[in-house]
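Q: 3D model of this:
(one chain, ligands or ions: 2)
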Amino acid sequence: MNLHEFQSKELLEAYDLPVSKRGIIKELGDIDKALKQINFEKGCVAKVQAHTGGRGKVGGVKLCKDKQNVEDFVNEWLGKQIVTNQTDQVGLPVNIISVDELTEIDSELYMSLLVDRAEKCISMIVSQAGGMNIEEVAEKNPEKILKFKFKGGNETDVSDLKEIAQSLNFTDDQKKQFFSIVQGCIKLFVEKDLSLLEINPLVVTTSGDLHCLDAKINIDENALYRQAEIEKMRDPSQEDQREYEAKKHDLSYVSLDGNIGCMVNGAGLAMGTMDTIKLYDGDPANFLDVGGTATKERVSEAFKLILSDKEVKGILVNIFGGIVRCDLIAQGIIDAINEIGVSVPIVVRLQGNMSSEGKTLLNNSGLNVIGEDSLMKAAQKIVELVK
Ligand code: GDP
Ligand code: MN
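A: Ligands and ions are numbered 1, 2, ... in the order given. Have a look, this model is predicted:
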């Protein structure tokens, strides 16, 4: 689960890490109150809050001299979509804007922590060439990207970091600040079950201090059960709406770019089904595993979910009935079609537990559903039909 920048900064603050003071704007009327939260003498930085980086490059981060600048920014962005090089073409809705106290910058660095699964440790990446072009630096000047692995468990031994601090050309005082930032970040990372903590830029201010100017946090979804405070920070408006709906019904759903909707039970079979569609030059619109204990209601929800994707031009249902009963799946399909009305072709393959009963139900339903016994034929058929 991702957090907004302002939420990430609240967490950093709670761990005594240096972040800018900020005010939050959710509607035009919030501007005065938000500006009162900060020292606005020299102006501020208005920042679009959305689950994406690359905001600066599309005007989503702006230095404002006065209140008029802030009002213009809020009018320009609030209620709009932000499209960056990290989003799709639709972008993400802008419902929140932050106004951060202005920081005077000398240089911009990059720092991030992530889980290194292969080494079973936390890894840190730092670079002196931080800021908005870090992806380009990684590509063209990989030698400017330094990596460090915290192999001694969660204990951070500062002496290990001395070499890295040296190569970042810090003064003695900056080194001390760097060590305490890294230690604070590690503590936050471990205690809050993060999978990513990225500070880009970590800046050296004109007065020579280190300061976290931007923060991106991702929390391990599987740990949310013990991070109730963080779970409350979830902003569904920033998530794929279908994936969010799917989660509520306990369905594993991932949106894809194609036009053939897939409803399958079992993750392996779902992947096999997508591969088979690809084999016949088709493109799956989604991955969807309805699970081994699919009920009629869940199948119906799954069907609605697939159809809410306007790109879907046909549906392939591939069910192997082991625990799940094919007749219940068939009834779920019939109910969903009757409820929402479906105009796209549907190919259904039912095999296993109660499959002949399922097929009979579909045949007698009077609905335009094509039954196939083999997955190869079913995939070939749906690809033909959507073309
Ligand atoms: P991103 O583009 O989404 O990663 O947003 P950032 O929060 O990283 O902001 C983009 C850029 O805006 C930073 O790299 C800085 O150069 C600039 N910026 C952000 N906050 C400040 C600030 O307080 N003062 C100054 N001078 N520049 C800032
Ligand atoms: Mn940034």
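Q: Give me the average confidence score over the helix or strand where residue 379 lies.
A: Secondary structure assigned from DSSP states H and E places residue 379 in helix 375-386. Per-region confidence: helix 375-386 scores 97 on mean pLDDT.
Q: Please name every helix or strand in contact with it.
A: strand 260-264, helix 267-279, strand 314-321, strand 346-352 (3 or more Cβ pairs under 8 Å, 6 or more residues apart in numbering; DSSP states H and E). No exception for glycine: its C-beta is placed from N, CA and C like everyone else's.
Q: out of everything not next to it in sequence, what's closest to residue 300?
A: Residue nearest to residue 300 in three dimensions, not counting chain neighbours: residue 336, with 4.3 Å by Cβ to Cβ, 6 or more residues apart in numbering.
Q: how about the residues of the chain near ligand 2?
A: Taking Cβ under 5 Å from the ion as the contact definition, the chain meets ligand 2 at 200, 214.
Q: about what we covered before: could you check the angle the helix holding residue 379 makes with strand 260-264?
A: Between helix 375-386 and strand 260-264, the angle comes out at 150 degrees (axes from the mean of the first three to the mean of the last three Cα atoms, to 10 degrees).
Q: Now do helix 375-386 and strand 314-321, the angle between them.
A: Between helix 375-386 and strand 314-321, the angle comes out at 160 degrees (the same axes, to 10 degrees).
Q: Other residues contacting helix 375-386?
A: 259-260, 272-273, 276-277, 279-282, 313-316, 318, 344-345, 347-349, 370, 372 (Cβ atoms under 8 Å, 6 or more residues apart in numbering).
Q: Derive a ChimeraX selection command for the buried subset of those.
A: The following ChimeraX line selects those of the contacts of helix 375-386 that are buried, judged by 16 or more other Cβ atoms under 10 Å:
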select :259,260,273,276,277,282,313,314,315,316,318,344,345,347,348,349,372
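Q: Check the secondary structure at the residue of the stretch 201-350 of the chain found nearest ligand 2 for me.
A: As assessed by Cβ to the ion, ligand 2 sits closest to residue 214 within the stretch 201-350 of the chain, at 3.5 Å. Look at residue 214: counting by DSSP: H, G, I helix; E, B strand; the rest coil, its state is coil.
Q: mind listing what it touches?
A: Counted by Cβ under 8 Å, 6+ apart, residue 214 has contacts 5, 53, 199-201.
Q: try 10 Å this time
A: 5, 8-9, 19-20, 47, 53, 55-56, 61, 100, 108, 130-132, 198-203 (Cβ atoms under 10 Å, 6 or more residues apart in numbering).
Q: now do residue 30
A: Contacts of residue 30 by Cβ under 10 Å, 6+ apart are 23-24, 74, 78, 96-97, 99.
Q: Now go through those and say which are in strands.
A: Using DSSP state E, the subset of the contacts of residue 30 located in strands is 23-24, 96-97, 99.
Q: So how do I select the buried members of those residues in ChimeraX?
A: Typed into ChimeraX, the line below selects the buried ones among the ones in strands among the contacts of residue 30, using 16+ other Cβ under 10 Å:
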select :23,96,97,99
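Q: got any ranges where the chain has weak pLDDT?
A: Within the chain, the stretches with pLDDT under 70 are 153-156.
Q: Spell out the residue ranges of the helices in it.
A: Using DSSP state H, the helices found in the chain span residues 5-14, 31-36, 67-77, 134-140, 158-167, 172-191, 228-231, 241-248, 267-279, 296-307, 326-340, 355-364, 375-386.
Q: Columns distance to ligand 1 on top of those, output as JSON lines?
A: Output for the helices of the chain, formatted as JSON lines (distance: least, Cβ to the nearest ligand atom, whole Å):
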{"stretch": "helix 5-14", "distance to ligand 1": "7"}
{"stretch": "helix 31-36", "distance to ligand 1": "15"}
{"stretch": "helix 67-77", "distance to ligand 1": "13"}
{"stretch": "helix 134-140", "distance to ligand 1": "9"}
{"stretch": "helix 158-167", "distance to ligand 1": "21"}
{"stretch": "helix 172-191", "distance to ligand 1": "16"}
{"stretch": "helix 228-231", "distance to ligand 1": "21"}
{"stretch": "helix 241-248", "distance to ligand 1": "23"}
{"stretch": "helix 267-279", "distance to ligand 1": "33"}
{"stretch": "helix 296-307", "distance to ligand 1": "31"}
{"stretch": "helix 326-340", "distance to ligand 1": "39"}
{"stretch": "helix 355-364", "distance to ligand 1": "50"}
{"stretch": "helix 375-386", "distance to ligand 1": "38"}
